[in-house]
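**Student:** sequence unknown, structure follows:
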């Protein structure tokens, strides 16, 4: 009974905490995503496996050459003093010159360290790409918010234009015009074409209008009605344009989500929750100290340093390979007794120690190997100098862009605020007088444009 109760409690806890677990998965921080990318990214794992493979080179080059064993048997026993020799067994082990294997191991270790620095560089690049996608998703989310706000404002403006277009001063006169058909009236053709509902009302109360007051009012409203309809159609077109932009941003976010999940090597449709907080960080450290840190910590520079060190060891190895190799071995001769021999050694096997040495008289290949290693060292050093210069240029460009970004953040924020205030004033004026309609639209686009630039 107690076991059943425990099972019920566990099921209840799972059901209760399942939504919380799902929510926690969706609300991962950027550091959590970086950790997932480091663990799951296939390119990064492939590079680390290459580093492990490079480490296996060290015991390979540090091992002695395989010993040689020779077995020989005589078809017809050979008569010697000690009897008849029927076979010969020879064993030989060659030894490179002293220190050659250690240098070869150090060279392989430096090459493996270079592979590790490539892994570190790729990891840094992966983190950079994850962060770029993260910030891009945040940028798209902010832009979507701005476009939606713009659509809401345009829809409010559309309602305002519709109210002014359908107001009694225009709507009623328009219906009256359609009933009386004053288009053939001389007074109608001589009416002011830029008149609006207010001028029509003023014409109706003017003492000098006489009997043509209704006709002139109708004519004025006929000229103002197309203008109001034009405003309505224009704002509808702007709304459609903004909705299309919103759909494009939505598609871009879906694509960026796919790219982000691909870097993490997980389901491409996994939802990503982006935080809405972004703080502008300042560099408080001395710029020269940062430059020194870049040069001392850059993994590509470290990789080139390892390569140059390996080429230096390669040169030492080439020198040692040009020295003699030593060999030590044993020769065991199998003998059988020979009839008629009175020697005490008759039928006894013989064991002979051997010593051998190679004579490297063909020096051209060894000299070429040393020259190759020297040239590779020079090439590596030039690559290091080039990379250092490029890093310093990139660093100065980064500082310039950072200062420019700080200035433009303040600039666009202030311009956006001023544009919003101007839009509010124009909207207030338009709601009362109906004037500056095009200026309202133009200023609202400035609000959107400054908002986009500020987010960027």
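**Tutor:** Structure's in. What do you need? Predicted model, so just to flag it, every value in this text is computed and none were measured.
**Student:** wouldn't residue 79 be in contact with residue 337 here?
**Tutor:** No - the criterion here is C-beta atoms under 8 Å, and residue 79 misses it with residue 337 at 11.4 Å. In this view, the C-beta of every residue, glycine as well, is placed from N, C-alpha and C.
**Student:** residue contacts, the nearest residue to residue 158 once chain neighbours are set aside?
**Tutor:** Closest residue to residue 158 apart from its sequence neighbours, by C-beta to C-beta, 6 or more residues apart in numbering: residue 235 at 4.6 Å. Taking C-beta atoms under 8 Å, 6 or more residues apart in numbering as the criterion, residue 235 is in contact with 154, 157, 158, 161, 441.
**Student:** try residue 393
**Tutor:** So residue 393 contacts nothing (C-beta under 8 Å, 6+ apart).
**Student:** How much space separates it from residue 129?
**Tutor:** 22 Å (C-beta to C-beta, to the nearest Å).
**Student:** Can you list the residue ranges for strands in the stretch 1-150 of the chain?
**Tutor:** Secondary structure of the stretch 1-150 of the chain (DSSP state E, counting those that start in this stretch): strands located at 68-80, 83-95.
**Student:** Out of the ones you listed, flag the one nearest residue 59.
**Tutor:** strand 83-95 (17.3 Å; C-beta to C-beta).
**Student:** How much space separates the residue lying farthest from the centre of the chain from residue 310?
**Tutor:** Most distant residue from the mean C-alpha position of the chain: residue 340, 90.7 Å away (C-alpha atoms, centre = their mean). Taking C-beta to C-beta as the measure, residue 340 and residue 310 are separated by 67 Å.
**Student:** Which SSE is immediately downstream of the longest helix along the chain?
**Tutor:** Counting residues, the longest helix found in the chain (DSSP state H) is helix 364-433. Remark: after helix 364-433, the chain's next helix or strand is helix 437-455, criterion DSSP states H and E.
**Student:** Show residues contacting stretch 428-443.
**Tutor:** 157, 160-161, 164, 196, 231, 234-235, 238, 419, 422-423, 426-427.
**Student:** Just the mean pLDDT for that stretch, thanks.
**Tutor:** What stretch 428-443 shows for mean pLDDT is 82.
**Student:** Straight-line length of that stretch, end to end?
**Tutor:** 13 Å (C-alpha to C-alpha, to the nearest Å).
**Student:** how about it: buried residues?
**Tutor:** Residues 430, 434, 437, 440, 441, 443 are the ones in stretch 428-443 that count as buried (16 or more other C-beta atoms under 10 Å).
**Student:** Return the distance of stretch 269-280 from the chain's centre.
**Tutor:** Centroid separation for stretch 269-280 versus its chain: 16 Å, with C-alpha atoms, centre = their mean, to the nearest Å.
**Student:** residue ranges with poor pLDDT in the stretch 151-300 of the chain?
**Tutor:** 167-228, 276-278 (pLDDT under 70).
**Student:** I'd assumed the residue farthest from the centre of the chain was in a strand, is it?
**Tutor:** No - using DSSP: H, G, I helix; E, B strand; the rest coil, the secondary structure at residue 340 is coil, not a strand.
**Student:** Distance of it relative to residue 333?
**Tutor:** From residue 340 to residue 333 the distance is 20 Å (C-beta to C-beta).
**Student:** for residue 284, same thing?
**Tutor:** 83 Å.
**Student:** Please apply the same query to residue 105.
**Tutor:** 38 Å.
**Student:** how about the nearest residue to the residue positioned nearest the centre of the chain, chain neighbours excluded?
**Tutor:** The centroid of the chain falls nearest to residue 129 when counting by C-alpha atoms, centre = their mean (1.7 Å). Nearest residue to residue 129 in three dimensions, chain neighbours excluded: residue 263, at 5.9 Å (C-beta to C-beta, 6+ apart).
**Student:** So what does that neighbour have for phi and psi?
**Tutor:** phi -60, psi -30 (degrees, to the nearest 10).
**Student:** so the residue nearest to the centre of the chain makes contact with residue 262?
**Tutor:** No - Residue 129 is not in contact with residue 262 according to C-beta under 8 Å; the separation is 10.0 Å.
**Student:** so where do the helices sit in this structure?
**Tutor:** Going by DSSP H, the chain shows helices at 2-26, 30-40, 42-55, 57-61, 100-165, 168-180, 186-189, 197-205, 213-263, 287-297, 299-321, 364-433, 437-455.
**Student:** Those helices into TSV, with extra columns for distance to residue 279?
**Tutor:** Below are the helices of the chain laid out as TSV (distance: least, C-beta to C-beta, whole Å):
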stretch	distance to residue 279
helix 2-26	22
helix 30-40	13
helix 42-55	28
helix 57-61	46
helix 100-165	12
helix 168-180	52
helix 186-189	66
helix 197-205	52
helix 213-263	21
helix 287-297	19
helix 299-321	28
helix 364-433	12
helix 437-455	15
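**Student:** So which of those has the densest surroundings on average?
**Tutor:** helix 299-321 (a mean of 20; mean count of other C-beta atoms under 10 Å).
**Student:** Just want the angle from that one to helix 100-165.
**Tutor:** 160 degrees (axes from the mean of the first three to the mean of the last three C-alpha atoms, to 10 degrees).
**Student:** Packing partners of helix 299-321?
**Tutor:** Under the contact definition 3 or more C-beta pairs under 8 Å, 6 or more residues apart in numbering; DSSP states H and E, helix 299-321 sits against helix 100-165, helix 364-433.
**Student:** Can you add distance to residue 267 and give these back as TSV?
**Tutor:** Converted to TSV, the helices and strands packed on helix 299-321 look like this (distance: least, C-beta to C-beta, whole Å):
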stretch	distance to residue 267
helix 100-165	16
helix 364-433	35
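**Student:** Can you tell me which of those is nearest to residue 74?
**Tutor:** helix 100-165 (38.1 Å).
**Student:** Can you name every helix or strand that that closest one contacts?
**Tutor:** helix 30-40, helix 42-55, helix 57-61, helix 213-263, helix 299-321, helix 364-433, helix 437-455.
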